[in-house]
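**Q** Test case, fold it:
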Amino acid sequence: MLKIVSLQKIQRHLIHTTNTSAVIYYWKKLFFVLRSPKQERLVQERNLPLPRNHKPQISKAILATYNFVLIKKNFESNSDWANLKRFEDDNKKTAMPTANENRIVFMGNSITEGWSRLNPDFWKGKPYINRGISGQTTPQMLLRFKQDVIDLKPKVVVILAGINDIAGNTGPMTLEQTRDNIIAMAQLAKANGIKVILSSVIPAFDFPWRPGMEPAEKVVALNKMIKSYCDKNKITYLDYHSAMKDERNGLKSELGYDGVHPNLEGYKIMGPLAEQAIKTVLTKK
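**A** Residues are numbered from 1 along each chain as shown. Just a heads-up that it's a prediction; the model follows:
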C-alpha cells in the first residue's frame, strides 16, 4: 500500500508541476522507492534517463510514471506549441522513398510513440515511420501534419488520435471538433495522393493524470463519428477498440499498464490489425 500511495503522490505532483527537470527528479526518486524484489512482475527493459550504467527492467508503475513525464512536457509553455522541432532533424535525414517502397507513416500521440519503444520488433525491417508525440491533441497533429507526414511522401498514413482531446490536454474540446481535425488530416493526405487509415481511439475507462473525466463512453461516441466518416468516404477504418475493450469499455487490464497506454501484449493485438488494414489499403486501386 505504501508504494501505491507514493505513486499517487508523484502523479499529483506531475499534474501540477510546470518544471520538467523536477518531474524527472521525482520520477527517478519514485523508481528507487518502487524497486524491490517483491514488486509486481517486471515487464520490459528500456534505456530510460537513469543513472549511468544502470539499465533496470521497468515495472508497470514505472512505465506509467515515465509516461507522465512525456505528457507533462506537452503542457509546458513554450513557443513550439505543436512540437514542430521534435522530428525536424529526423525528417531532414529521411530520404525520399524509392519507387517500389510502400512507406507508411504512423501519426499519433503517446500510444503511437510508445509502440516503437515497447514493441520494436513490429517496426524492424519495414518501411514504417513513427511520428507519434506523447500528450498531443488533434490540433497539434494537424499543425505538424505537412512536415511529419506529407513531406515524407508515404503511400499510406495511419492516424490514431483523439484520446488527449477528450482528456483536455490542450484545453476543452468537443467530440465534433476532434472529429473535424481528424477529417482535416485525412483530407490533406488524400489531396496529396496519400491513402488514409483512420484508427479507432483505444479504450480508456479513466485517465490517471486527470481522473474522474469518465472518457469511456466519449471514446465510443468519437469512434462512431470516425467510422461514419470512413464509411461515407470509402476510407479504411482500423478498429482497435473492439479487440481491446473490457466490460466497462475500458482497456483490458492485461493489455495495458495504466488503463490508457498499451503494454507489449496490447501492441501485439494492435500490430496484426494495423498490418491487415495496411494490406487492404495498398491493394485498393
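
**Q** So, low pLDDT: which residues of the stretch 151-285 of the chain?
**A** Counting by pLDDT under 70, the stretch 151-285 of the chain contains no low-confidence range.

**Q** As a check, name the ranges of all strands in the stretch 151-285 of the chain.
**A** When secondary structure is read from DSSP state E, counting those that start in this stretch, the stretch 151-285 of the chain shows strands at 156-160, 195-199, 236-238.

**Q** what comes into contact with the last one?
**A** Right, strand 236-238. Applying Cβ atoms under 8 Å, 6 or more residues apart in numbering, the set of residues contacting strand 236-238 from outside is 158, 160, 196-200, 226-227, 230-231, 273-274, 277, 280-281. For every residue, glycine as well, the C-beta is placed using N, CA and C.

**Q** switch to 7 Å and redo it
**A** Judged by Cβ atoms under 7 Å, 6 or more residues apart in numbering, the contacts made with strand 236-238 from elsewhere in the structure are 158, 197-200, 226-227, 230, 273-274, 277, 280-281.

**Q** Mind giving me the ChimeraX select for these, buried ones only?
**A** Selecting just the buried residues from the contacts of strand 236-238 in ChimeraX takes one command, with 16 or more other Cβ atoms under 10 Å as the test:
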select :158,197,198,199,200,226,227,230,273,274,277,281
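
**Q** show me the residues around Arg131 that make contact.
**A** When contacts are counted by Cβ under 7 Å, 6+ apart, Arg131 touches Phe87, Val105, Phe106, Met107, Asp148, Val149.

**Q** And the furthest pair within the residues you listed?
**A** When Cβ to Cβ is used, the two most widely separated members of those are Phe87 and Phe106, lying 12.1 Å apart.

**Q** Grab the most central residue of the protein for me.
**A** In the chain, the C-alpha nearest the mean C-alpha coordinate belongs to Ile111, at 2.1 Å (Cα atoms, centre = their mean).

**Q** these two touch, right, that residue and Pro203?
**A** No. Counting by Cβ atoms under 7 Å, Ile111 stays clear of Pro203, with 11.3 Å between them.

**Q** Need the residues touching each of these two.
**A** Any residue near both Ile111 and Pro203 by Cβ under 7 Å, 6+ apart counts here, and not one turns up.

**Q** Pull the number of nearby residues for Gln187.
**A** Residues contacting Gln187 under the criterion other Cβ atoms under 10 Å number 12.

**Q** Pipe the strands of the stretch 151-285 of the chain into JSON lines and attach distance to Gly259 per row.
**A** Supplementary listing: those in JSON lines, determined by distance: least, Cβ to Cβ, whole Å:
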{"stretch": "strand 156-160", "distance to Gly259": "17"}
{"stretch": "strand 195-199", "distance to Gly259": "19"}
{"stretch": "strand 236-238", "distance to Gly259": "21"}
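
**Q** now the helices for the stretch 101-250 of the chain?
**A** Secondary structure of the stretch 101-250 of the chain by DSSP state H, counting those that start in this stretch: the helices cover 110-118, 138-148, 163-167, 175-191, 216-233, 241-244.

**Q** With that, I have no additional questions.
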